[in-house]
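Q: just coords:
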Ligand code: SF4
């Protein structure tokens, strides 16, 4: 079996191609700009009011670094504690295995439907599709997930999976696809929420099985934690008889006290709230209260492979707050679907290629200008820009043996730039090469169209030409003149 | 103090006026500056695109060229950021080179750092009677944390009217090879940056990096828009 992850982690097209398609949708760009800027501003406001925010970030980073170092031991501790508390723990190497386990567990209960709590991990493994093909109806209960599911679409944001839709579009999806939705439904948020509530209430009351993810898994106690805003999760976690939770092995924290740090970092970074409305925690089974059968599926799906890269492994510290998406200028314009993976934006660009192996997702590390806005907001201080550069290195190394035009150009430039004589000659050659162009342009020193591959530059901007005299040439000329003047002056004085 | 100017390859070839401005500023302050003839490039394009092996000879050459100086000054936030943030990791498998880099790092400065932190000057006696706006480039702002340094220097320029740029901290979309690998997204970001610049009604857009300014200026000219792009060093030398 493969050490890398499978599931919804790559798309059919390279990022730059997929982004071009998304960029051509003006409504999408408007929706994204509006939504990301709103959350971005709110985050900044509530983060600024925390005097020890930097220390909190450092604690979060340190705890997660310790988890990475002690993961095998912590996982065993978690399993023992969860089993002790009455849960059943399963281990899944990849998406397929996890789907098989979950499908089997649902079937064992005899149920043909399940309610779902918003979970990126179950989206990662394409669980809904697996359940469907096993004849099990899965109902998303998070409002945004419900919208995406009704639209038969894919999530485009970690926190707000339907961020690419505006209210009118959501109204239309509800009217057309939600059983029982009135044709007169308006796009007022309260009306939309009420329609969803009525629709979901029926599901909650009839469901015997619930499926969740988890934001945190506490190794010492075997406790799972779900953080949410709507309360739908709370319904799923209390009403059904069976609860199945799919948990990435990166979700571990050592002890209960560590939650103190993350429950401060997460809501402020993700929704811009001081505290999230609902925090649910459960430890195995409590007789007579809540689900009486709890299953935990611990998922690897490329996480161990990620852990083996000393630079890249910090991506596993991610608490999926989505702050990096909301400040990313590339995400804002390209949208989540362009990344092809359930994890979009800066975190997607560093986690997806590591989960799948860089070769499978080689365009993602390049889906960034390295502007570093993500680094500044990440609550666990992942150096996203650094990991991006590192993964670009791995992507290039993976193709060491093929001689692409880019590689040839890079080799040539390296050879030129590491020797001043070659550099000087190349500079003069470039000037000679562009001289006819410069003459043609007269005084103007920019060009509108260049042939391939430089046409990628002139597609949206003019290109500059080399200067008639380089800086170093100017320096040598003027210093020589100066020296001559200094030497020349006294001698001139003598002869006159 | 033995001070070297690292002009950077882009400035050397395309924007010699920026290098000349730095020389003039430093000489006006009574400072001797040397321009090591061996200098070429910092290797940023190679390293940032993932060509680590190809970056190494360029890095080695850079370190050899600037080793003996007390201070190395460059009019580019991006190239200084390359040296300061990427060099240490790239060279860590070569102890000798790593030691040389460790020595060089604290002595490598972006122009505004050198002027304010080392020389302690903010007023350069410049005069530039124009309406300008300033784009803080990403590497200057987030990798070097230049903060207000360039603006502090500009605030002493006679006649200069600085108009704040909306969304100033947002990337212009250049990103080195990003601009050609992802031209569509880069162009969309550029579009928004140009719109914000035009909103200011400024005659000039200033920044600490000519590479970003090439991208921004290329976008402005494509729109046949009036604002000209100028490296802030040239304004300080005026
Ligand atoms: S990488 Fe950091 S900012 Fe981005 S989602 Fe993860 S924790 Fe949040």
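A: Yes, it's here. Note that the coordinates shown come from a computational prediction; the quantities given were computed from them, not determined experimentally.
Q: care to break the chain down by domain?
A: Just going to use chain A. Following automatic domain parsing, chain A resolves into domains at A:15-306, A:406-433.
Q: wait, I meant chain B there
A: Following automatic domain parsing, chain B resolves into domains at B:3-118, B:131-236.
Q: Just put those domains in JSON lines and tack on mean neighbour count, mean pLDDT and distance to residue A:346.
A: C-beta: built from backbone N, CA, C; applies to glycine. As requested, the domains of chain B are exported to JSON lines (neighbours: other C-beta atoms under 10 Å in any protein chain shown; pLDDT from 0 to 100; distance: least, C-beta to C-beta, whole Å):
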{"stretch": "domain B:3-118", "mean neighbour count": "21", "mean pLDDT": "95", "distance to residue A:346": "16"}
{"stretch": "domain B:131-236", "mean neighbour count": "21", "mean pLDDT": "96", "distance to residue A:346": "12"}
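Q: between those domains, which one is nearest to the ligand?
A: Closest approach to the ligand among the domains of chain B (C-beta to the nearest ligand atom): domain B:131-236, 14.5 Å.
Q: my guess is residue A:254 meets residue A:70, correct?
A: Yes: here residue A:254 reaches residue A:70: they are 7.4 Å apart, a contact under C-beta atoms under 8 Å.
Q: Pick out whichever of these two has more residues nearby.
A: Higher neighbour count among residue A:254 and residue A:70: residue A:254, with 17 against 14, using other C-beta atoms under 10 Å in any protein chain shown.
Q: Show the contacting residues for that one.
A: With contacts defined as C-beta atoms under 8 Å, 6 or more residues apart in numbering or on different chains, the neighbours of residue A:254 are A:63, A:66-67, A:70, A:74, A:218-220.
Q: Need these in a markdown table (columns: secondary structure and pLDDT).
A: Below are those laid out as a markdown table (DSSP: H, G, I helix; E, B strand; the rest coil; pLDDT from 0 to 100):
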| residue | secondary structure | pLDDT |
| --- | --- | --- |
| A:63 | helix | 98 |
| A:66 | helix | 97 |
| A:67 | helix | 98 |
| A:70 | coil | 97 |
| A:74 | helix | 98 |
| A:218 | strand | 98 |
| A:219 | coil | 98 |
| A:220 | coil | 98 |
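Q: Redo the domains of chain B as CSV? Include distance to residue A:189.
A: Formatted as CSV, those follow (distance: least, C-beta to C-beta, whole Å):
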stretch, distance to residue A:189
domain B:3-118, 43
domain B:131-236, 27
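Q: Helices of the stretch 51-200 of chain A, residue ranges please.
A: Applying DSSP state H, counting those that start in this stretch to the stretch 51-200 of chain A gives helices spanning A:53-69, A:71-84, A:95-109, A:120-124, A:127-133, A:143-150, A:167-177, A:189-206.
Q: For those, state which one has the densest average packing.
A: Of all the helices of the stretch 51-200 of chain A, helix A:120-124 carries the top mean neighbour count, a mean of 26, counting by mean count of other C-beta atoms under 10 Å in any protein chain shown.
Q: I'd like to know which elements it is packed against.
A: Packing partners of helix A:120-124 (3 or more C-beta pairs under 8 Å, 6 or more residues apart in numbering or on different chains; DSSP states H and E): strand A:242-248.
Q: From the chain's centroid, how far away is the strand it packs on?
A: Centre-to-centre, strand A:242-248 and its host chain are 22 Å apart (C-alpha atoms, centre = their mean, to the nearest Å).
Q: could you point out which element follows that strand?
A: Counting by DSSP states H and E, the next helix or strand C-terminal to strand A:242-248 is strand A:252-253.
Q: Show residues contacting that following strand.
A: Taking C-beta under 8 Å, 6+ apart as the rule, strand A:252-253 contacts A:63, A:67, A:71, A:74-75, A:78, A:216-219, A:259, A:262.
Q: How about the top helix by length along chain A and chain B, touching?
A: The helix spanning the most residues in chain A, taking DSSP state H as the definition, is helix A:471-495. Yes: Helix A:471-495 is in contact with chain B by C-beta under 8 Å from any C-beta of the partner chain, via A:471-476.
Q: Of all the residues in that helix, which ones are buried?
A: Across helix A:471-495, burial judged by 16 or more other C-beta atoms under 10 Å in any protein chain shown covers A:471-475.
Q: Nearest residue to the most centrally placed residue in chain B in space, please, no chain neighbours.
A: Residue closest to the mean C-alpha point of chain B, counted by C-alpha atoms, centre = their mean, is residue B:76 at 1.7 Å. Of all residues not flanking residue B:76 in the chain, residue B:8 sits nearest, at 4.8 Å (C-beta to C-beta, 6 or more residues apart in numbering or on different chains).
Q: Quick check, the one you found in contact with residue B:74.
A: Yes: using C-beta under 8 Å, residue B:8 makes contact with residue B:74 at a distance of 5.8 Å.
Q: Any residues of chain A in contact with the ligand? List them.
A: Within reach of the ligand by C-beta under 6 Å from any ligand atom, chain A has these residues: A:269, A:318-324, A:347, A:377-380, A:382.
Q: for chain B, what spans make up the strands?
A: Per DSSP state E, chain B carries strands over the ranges B:3-5, B:71-74, B:108-110, B:131-134, B:161-162, B:204-207, B:228-231.
Q: tell me the contacts of residue B:40?
A: For residue B:40, the contacting residues are A:416-420, A:423, B:9, B:58, B:61-62, B:65, by C-beta under 8 Å, 6+ apart.
Q: no, scratch that, I was asking about residue B:198
A: B:223, B:225, B:227.
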